[in-house]
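Novice: quick one: sequence plus predicted model below, questions after.
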Amino acid sequence: MARAEKGFEREDWLSDEPSPVMQLRTDEQGEVLYLTLGHRRGRYDMHPFCDEYSDVEPGAWIQPTYYELLRRGIRWAASI
(Lines give C-alpha, C1' and ligand atoms only; values in the text may rest on other atoms or scores of the structure.)
Protein backbone atom coordinates (compact mmCIF):
# COMPACT_ATOMS: atom_id res chain seq x y z
CA MET A 1 0.00 0.00 0.00
CA ALA A 2 1.43 3.37 -0.99
CA ARG A 3 0.68 6.77 0.43
CA ALA A 4 2.09 10.19 -0.30
CA GLU A 5 3.28 12.65 2.36
CA LYS A 6 4.09 16.06 0.87
CA GLY A 7 5.89 14.61 -2.15
CA PHE A 8 7.19 11.49 -0.39
CA GLU A 9 5.79 8.11 -1.34
CA ARG A 10 5.93 5.18 1.03
CA GLU A 11 5.26 1.67 -0.20
CA ASP A 12 5.18 -1.63 1.65
CA TRP A 13 6.51 -4.40 -0.57
CA LEU A 14 7.74 -7.90 -0.22
CA SER A 15 9.19 -10.06 -2.95
CA ASP A 16 10.57 -13.58 -3.07
CA GLU A 17 12.80 -12.57 -5.98
CA PRO A 18 16.53 -12.37 -5.20
CA SER A 19 17.90 -8.85 -5.26
CA PRO A 20 21.65 -8.11 -5.27
CA VAL A 21 22.68 -5.91 -2.36
CA MET A 22 26.45 -5.93 -2.85
CA GLN A 23 28.34 -5.85 -6.11
CA LEU A 24 31.89 -5.51 -7.32
CA ARG A 25 32.31 -3.49 -10.47
CA THR A 26 35.52 -3.36 -12.48
CA ASP A 27 36.54 -0.90 -15.18
CA GLU A 28 39.82 0.27 -16.69
CA GLN A 29 40.52 2.59 -13.74
CA GLY A 30 39.97 0.07 -10.94
CA GLU A 31 37.20 -1.53 -8.91
CA VAL A 32 34.25 -0.33 -6.87
CA LEU A 33 32.49 -2.36 -4.22
CA TYR A 34 28.95 -1.10 -3.71
CA LEU A 35 26.65 -2.06 -0.83
CA THR A 36 23.05 -0.91 -1.33
CA LEU A 37 21.99 -1.59 2.25
CA GLY A 38 22.38 0.97 5.00
CA HIS A 39 19.69 3.49 4.16
CA ARG A 40 17.57 4.41 7.14
CA ARG A 41 15.11 7.10 8.17
CA GLY A 42 15.17 8.92 11.46
CA ARG A 43 12.89 11.51 12.97
CA TYR A 44 14.48 14.48 11.15
CA ASP A 45 15.69 12.78 7.95
CA MET A 46 12.68 13.64 5.79
CA HIS A 47 13.11 17.42 5.67
CA PRO A 48 11.87 19.21 3.50
CA PHE A 49 9.04 16.71 2.97
CA CYS A 50 7.98 16.91 6.61
CA ASP A 51 9.31 18.53 9.79
CA GLU A 52 9.31 15.28 11.77
CA TYR A 53 8.94 11.73 10.46
CA SER A 54 6.93 9.65 12.91
CA ASP A 55 8.07 6.20 11.76
CA VAL A 56 11.76 5.74 12.57
CA GLU A 57 13.01 3.04 10.19
CA PRO A 58 16.42 1.60 11.12
CA GLY A 59 16.65 -0.35 7.88
CA ALA A 60 19.44 -2.91 7.69
CA TRP A 61 21.39 -1.37 10.59
CA ILE A 62 19.75 -3.75 13.08
CA GLN A 63 20.55 -6.90 11.07
CA PRO A 64 23.66 -8.99 11.80
CA THR A 65 23.91 -9.72 8.05
CA TYR A 66 24.47 -6.02 7.37
CA TYR A 67 27.50 -5.96 9.65
CA GLU A 68 28.86 -9.15 8.10
CA LEU A 69 28.68 -7.53 4.65
CA LEU A 70 30.45 -4.45 6.02
CA ARG A 71 33.22 -6.65 7.46
CA ARG A 72 33.60 -8.46 4.13
CA GLY A 73 33.80 -5.15 2.28
CA ILE A 74 36.44 -3.82 4.66
CA ARG A 75 38.49 -7.03 4.31
CA TRP A 76 38.25 -6.74 0.52
CA ALA A 77 39.37 -3.09 0.58
CA ALA A 78 42.24 -3.86 2.95
CA SER A 79 43.50 -6.62 0.66
CA ILE A 80 43.88 -4.54 -2.51
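Specialist: Received, thanks. Residues are numbered from 1 along each chain as shown.
Novice: show me where this protein has its strands.
Specialist: For the chain, the strands defined by DSSP state E cover 2-5, 8-11, 22-27, 30-35.
Novice: for the third one, give me every contacting residue.
Specialist: Strand 22-27 is touched from outside by E31, V32, L33, Y34, L35, T36, L37, L69, R72, G73, W76, with contacts defined as C-beta atoms under 8 Å, 6 or more residues apart in numbering. All C-beta spots, glycine's among them, are computed from the backbone N, C-alpha and C.
Novice: who wins for most neighbours among the residues you listed?
Specialist: L69 (19 neighbours; other C-beta atoms under 10 Å).
Novice: wouldn't that residue be in contact with V21 here?
Specialist: Yes - applying C-beta atoms under 8 Å, one finds L69 in contact with V21, separated by 7.2 Å.
Novice: pLDDT score for F8?
Specialist: The model reports F8 with a pLDDT of 58.
Novice: right, I'll leave it there.
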